[in-house]
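In: Any chance you can model this:
(chains A, B and C)
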Amino acid sequence: MEWKAAEPELFRLPTLELAQALIGMALVKETQEGTAAGWIVETEAYCGPEDRAAHSFGGRRTARTEVMFGEPGHAYAHVMHTHCLLNIVSADAGCPQGVLIRALEPCAGIELMEKRRAGAKKLTELASGPGKLSRALGISMEDYGRPLWMPPLYVAAGREPGEIAAGPRIGIENSGEARDYPWRFWERGNPHVSGRKSWNR
DNA sequence: AAGTGGATTGGCT
DNA sequence: GCCAATCCACTTG
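Out: Here you go, the predicted structure:
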């Protein structure tokens, strides 16, 4: 499989547009063990200071959120309980916004992904969640701050996306009015999206 | 220097 | 459905 890495300019898109533009594109991770990749089928937008659910809400600038204040297209990884979550920094420097990658449809290195995700029985469980896809691709805090238009971790040209659906984000019940913003995007009907099937219509 | 809680997952009831 | 696992950044003393 040959991958065509994205142009750095792609990530300058406004966050909500980037979150939708990424659906159907590929996320590729190269390691010594081999290369694993998947089509992006679910994302969430986190719109910086205005967004109560964002880590950068109110312009909070700390060691953790620092990379979001810089140039777009870099990786913002953070740890959640036992898992690592991957975000792509979006918009221009000074705008601390990002797009959380929530689910992938595996398309290369599937054997490697299955090995890393020992316990996942079905193909649709390999990367159907933000913590799962990090595990499947071997993404960790080592990747924090890396540019996402060149190896070892990058976004690449993908396939034609299906219809894109939008709905409220997941796991942010304590985020006030931001709780209901329809800033989660996914490919309608794709079985590799996270969570239950109820909302995937 | 210690306590708190979270953009999750998977296993058990 | 509910709950424990288990790490680290951030807050507070």
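In: got the contact list for the strand or helix carrying A:Gly131?
Out: For A:Gly131, the host element (DSSP states H and E) is helix A:130-137. Outside helix A:130-137, the residues within contact range by C-beta atoms under 8 Å, 6 or more residues apart in numbering are A:27, A:29, A:36-38, A:77, A:80, A:82-86, A:100-104, A:106, A:113, A:116-117, A:120, A:125-127, A:139-140, A:153, A:194. For the C-beta atoms, the positions are set from N, CA and C on the backbone; glycine is no exception.
In: how many neighbours does A:Gly73 have?
Out: As a burial measure, A:Gly73 scores 23 neighbours (other C-beta atoms under 10 Å).
In: doesn't A:Gly145 make contact with it?
Out: No. Here A:Gly73 does not reach A:Gly145: they are 10.9 Å apart, not a contact under C-beta atoms under 8 Å.
In: got the contact list for A:Ala93?
Out: A:69-72.
In: Ends of stretch A:51-61, what's the gap?
Out: 14 Å (C-alpha to C-alpha, to the nearest Å).
In: Could you give me the buried positions within it?
Out: A:51, A:53-57 (16 or more other C-beta atoms under 10 Å).
In: before we move on, the earlier item: filter the contacts of A:Ala93 down to the buried ones and hand me the PyMOL line.
Out: If you want just the buried ones from the contacts of A:Ala93 in PyMOL, going by 16+ other C-beta under 10 Å, the selection is:
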select buried, chain A and resi 69+72
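In: residues from chain A in reach of DNA strand C?
Out: A:55, A:60, A:62-65, A:78-79, A:81-82, A:141 (C-beta under 7 Å from any atom of the strand).
In: can you tell me which of the residues you listed are up against DNA strand B?
Out: Counting by C-beta under 7 Å from any atom of the strand, A:55, A:78-79, A:81-82 from the residues of chain A next to DNA strand C sit close to DNA strand B.
In: and A:Thr82, what does it touch?
Out: A:Thr82 makes contact with A:Gly131, according to C-beta under 8 Å, 6+ apart.
In: how close does it sit to A:Val193?
Out: With distances taken as C-beta to C-beta, to the nearest Å, A:Thr82 is found 22 Å from A:Val193.
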